[in-house]
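Engineer: from the sequence below, what's the structure:
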Amino acid sequence: MFYTKDNFHQMSTELFESITKYLTSLSLDGDTLRAYTIDLHRFERTLGNIAVETITKEHLKDYLDNLKSKHGQRVSLATQNRHYASLHRFFEWCLQEKLINDNPMENLPRRRPNKDNGEVMPGTVIRSLKKEQVEKLLRNAQTTREKLLFTLLYTSGIRISEALDLNIQDIHDGTIHINHGKGNQPRQAYLSKQTEKLLIQCLEERGNPTSGPLFVTTHGQRLSYARARQLFMDAARNIINTDGTMITIHQLRHTFCTERAGHIDSFVLQRLAGHNDIRTTLRYAKVSDDVAKEAFNNFDEWQDYKKKMPVEPSDRFKPLKLN
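Structural biologist: From the prediction side, this is the model:
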């Protein structure tokens with residue numbers, strides 16, 4: 001028997017009970033099952049223990065659009081897509097169990113990535129810049145302040161929001177102390193020698209202040225993201241990606257991570273980039289052909305060297321000379 005809207009009321013199932021039955025029916029590994037459990041019970045706590053058939057597409061859109069992290073910030077695109085997938089699979093099960101007539105997740109659009117915030121769709125190739133593009137960008141920069149900002153992003157890997165939030169006193173002994181990183185978490189990054197020279201020059205041009213915002217406007221106000229982005233776009237004129245799109249300021253951070261992926265341990269790169277989840281770092285860890293070839297050649301040369309190297313026994317194992 002297929003349940004129609006007329007007889008749905010008497011067969012109504014509450015959300016908590018439906019989620020419990022659904023999770024019990026799954027044959028998944030521990031981590032995956034835990035993720036589904038967390039996502040679906042968060043959904044149930046937000047909407048309340050209402051009847052499953054009363055949940056509409058508008059309920060779901062409002063819920064997904066307003067997902068926040070524990071620090072009150074909008075969740076990442078990857079996290080929202082995970083919630084989307086969890087809900088879609090749950091309502092597909094409800095449809096199969098005849099608890100609903102239609103899946104309210106059907107045709108519900110996913111959140112589009114905000115390129116200005118450095119978001120990319122899962123599986124999207126992360127676009128980094130070539131050395132020549134970075135050099136051209138820095139040549140186009142009009143002021144020492146711009147050169148410092150772009151070089152800092154490129155050589156330290158910090159986020160544009162973190163850079164604009166820096167105060168002069170946050171940088172000392174070659175260390176960048178980020179007080180409010182992603183998720184409002186403090187962390188550290190490091191100053192390259194190239195950036196340090198530009199920092200000294202920039203502060204000298206401002207009269208060597210020892211405190212206050214690092215990046216300021218001509219009126220002494222903290223530089224805004226909108227203005228920093230505009231300055232970048234001016235400097236990035238005629239510099240395009242291989243697909244013909246304009247480069248973005250967040251690609252400087254992507255380039256920092258991409259250049260180091262495969263050359264340093266992923267957990268070290270995770271710390272340098274300030275990623276909360278190692279899976280974010282591993283997006284960059286798709287080793288390029290050049291990196292793979294370099295590693296192969298280095299190992300091959302070392303093996304060849306060891307074969308040719310004369311084997312000399314240590315003093316401990318040399319035979320005693322008899323007089």
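
Engineer: got the contact list for the residue positioned nearest the centre of the chain?
Structural biologist: Nearest residue to the geometric centre of the chain (CA atoms, centre = their mean): Thr280, 5.0 Å. By CB atoms under 8 Å, 6 or more residues apart in numbering, Thr280 lies in contact with 78, 270, 273. The way it works is simple: take the backbone N, C-alpha and C, and place the C-beta from them, glycine included.

Engineer: quick one: which of the residues you listed is most hemmed in?
Structural biologist: Within the contacts of Thr280, neighbour counts (other CB atoms under 10 Å) peak at Ala273, which reaches 22 neighbours.

Engineer: can you list the domains in the protein?
Structural biologist: Taking automatic domain parsing as the reference, the chain has its domains at 5-111, 131-282.

Engineer: among these, which gets the worst mean confidence?
Structural biologist: For those, mean pLDDT drops lowest on domain 5-111, to a mean of 84.

Engineer: quick check: phi and psi on the closest residue to Arg237 other than its chain neighbours?
Structural biologist: Leaving aside its sequence neighbours, Arg237 sits nearest to Asn140 (CB to CB, 6 or more residues apart in numbering; 6.8 Å). With angles defined as degrees, to the nearest 10, Asn140 sits at phi -80, psi -20.

Engineer: cool, Gln188 as well?
Structural biologist: phi -130, psi 150.

Engineer: can you map out the helices along this structure?
Structural biologist: With DSSP state H, the ranges of helices along the chain come out as 5-8, 15-25, 30-47, 57-65, 77-96, 131-140, 144-156, 160-164, 193-205, 225-235, 251-260, 266-273, 278-282, 289-308.

Engineer: by contact count, what packs against the fifth one?
Structural biologist: Helices and strands touching helix 77-96, by 3 or more CB pairs under 8 Å, 6 or more residues apart in numbering; DSSP states H and E, are helix 15-25, helix 30-47, helix 57-65.

Engineer: Asp234 - how many residues pack around it?
Structural biologist: Residues near Asp234, counting by other CB under 10 Å: 12.

Engineer: surely it and Gln142 touch.
Structural biologist: Yes - here Asp234 lies in contact with Gln142, judged by CB atoms under 8 Å, at a distance of 7.4 Å.

Engineer: check contacts around Gln251.
Structural biologist: 127-129.

Engineer: of all those residues, which comes closest to Ile19?
Structural biologist: Checking the contacts of Gln251 against Ile19 with CB to CB, the nearest one is Arg127 at 39.2 Å.

Engineer: state the distance from the closest one to Lys98.
Structural biologist: 46 Å (CB to CB, to the nearest Å).

Engineer: can you pull the contacts of Gly181?
Structural biologist: 159, 162, 187, 274.

Engineer: go again with 7 Å.
Structural biologist: 162, 187, 274 (CB atoms under 7 Å, 6 or more residues apart in numbering).

Engineer: which residues does the nearest residue to it once chain neighbours are set aside form a beta bridge with?
Structural biologist: Computed as CB to CB, 6+ apart, the closest residue to Gly181 that is not its neighbour in sequence is Arg187, at 4.6 Å. On the basis of DSSP bridges, Arg187 is bridged to Ile178.

Engineer: distance of the residue nearest to the centre of the chain from Thr248?
Structural biologist: 18 Å.
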